[in-house]
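*Asks:* Just a sequence and a predicted model for now, questions to come.
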Amino acid sequence: MPITFTQQTVAEISLVGMGLDLLGGCYLAYDLLGGRRGPLRIIARAAGYIALFFVGYLLLIGLSYALVAASGMGTTLILEFAVAGNQPSRPEVLRARLITFGFLRGIVLGLAGMTVAGVAFGIFFGLISGIGLTVSYLVGFAPTDDYAPSRKPRLSRHKTLASLYRALAVSIAGILAGLFASSTSVWFGLRLGLAAGVVSALIGLFSPIIEWRIENLPERRLGLIGLSLILAGVVLQSIQYWLTVFAVPVG
């Protein structure tokens, strides 16, 4: 049976390639971006988190969902770490930050949900997910509660419980959104929750390594990473042309 690519799949692959080119160019322009005090460290940190989110969502949900959810969740996580490091620790400020980022993640999940189950599902899913995640953060399971750079992976009891809470919150949101929107099964809602739990565990396990390596990465290594990313981006963008050369059907 011949392999058939859709126009949407080819476009998504090309967009991923363009993103890798852009990121690789940033690495190569490290000095122009201010070295250690420039934005490259933030970009590199975001790339690491987005990659972890992407792997988990891709394996359990699919490419369209993974692209939206990983980009949004990775960016939101970096913003939250940055805000948490610069904000005063007054209770009212902390509460406002937790509520804000809980609902921001709900918005990201809602937009991702629209790619696989329609607009109505995405709206309900995003709203209920935002509520569930905000509650879990307010009771002590926010990502910033587990921030700890380290040279080795770390998975504590607190991180495990946080992953379970997020999986439960997103599962409930997926099931209820499916019932309200009449567009999905209970199993799909459970898959969404499973994906949330898996990526949360991945982030909890590997975030200490990401933080430590970004802060201690040699500058020459950044250039090598940049070159590798650009080459990978070129390969992905060229797929559309290879499909034409080899007459692979594109639906």
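*Replies:* Cool, the structure landed.

*Asks:* report the longest helix in the protein, please.
*Replies:* helix 186-216 (DSSP state H).

*Asks:* so what secondary structure elements neighbour that one?
*Replies:* Counting contacts by 3 or more C-beta pairs under 8 Å, 6 or more residues apart in numbering; DSSP states H and E, helix 186-216 packs against helix 40-60, helix 91-117, helix 157-181. Where C-beta positions appear, they are placed from N, C-alpha and C, glycine not excepted.

*Asks:* The chain - how does it break down into domains?
*Replies:* Domains of the chain are assigned by automatic domain parsing as 1-38+219-251, 68-217.

*Asks:* low-confidence ranges in the stretch 1-150 of the chain?
*Replies:* Low-confidence segments of the stretch 1-150 of the chain (pLDDT under 70): 1-5, 26-41, 85-89, 147-150.

*Asks:* Is residue 12 in contact with residue 65, as I believe?
*Replies:* No. Counting by C-beta atoms under 8 Å, residue 12 stays clear of residue 65, with 11.4 Å between them.

*Asks:* Which one of these two is surrounded by more residues?
*Replies:* Just comparing residue 12 and residue 65: by other C-beta atoms under 10 Å the higher neighbour count belongs to residue 65, 22 against 16.

*Asks:* what's the distance between that one and residue 100?
*Replies:* 24 Å (C-beta to C-beta, to the nearest Å).

*Asks:* Relative to residue 6, which of the helices and strands packed on helix 186-216 is closest?
*Replies:* Proximity to residue 6 (C-beta to C-beta) singles out helix 91-117 among those, at 13.8 Å.

*Asks:* ok so, going back, with distance to residue 126 and mean neighbour count as new columns, can the helices and strands packed on helix 186-216 be given to me in TSV?
*Replies:* Shown next, in TSV, are these (distance: least, C-beta to C-beta, whole Å; neighbours: other C-beta atoms under 10 Å):
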stretch	distance to residue 126	mean neighbour count
helix 40-60	15	20
helix 91-117	2	19
helix 157-181	8	20
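
*Asks:* Nearest to residue 202, out of the ones you listed?
*Replies:* helix 40-60 (4.7 Å).

*Asks:* Report the angle between that closest one and helix 91-117.
*Replies:* Relative orientation of helix 40-60 versus helix 91-117 (axes from the mean of the first three to the mean of the last three C-alpha atoms, to 10 degrees): 50 degrees.

*Asks:* so how far is helix 40-60 from its chain's centroid?
*Replies:* For helix 40-60, the separation from the chain centroid amounts to 5 Å (computed by C-alpha atoms, centre = their mean, to the nearest Å).

*Asks:* Now do that helix: which elements does it pack against?
*Replies:* The elements that helix 40-60 packs onto, with contact taken as 3+ C-beta pairs under 8 Å, 6+ apart, are helix 7-28, helix 63-86, helix 186-216, helix 219-245.
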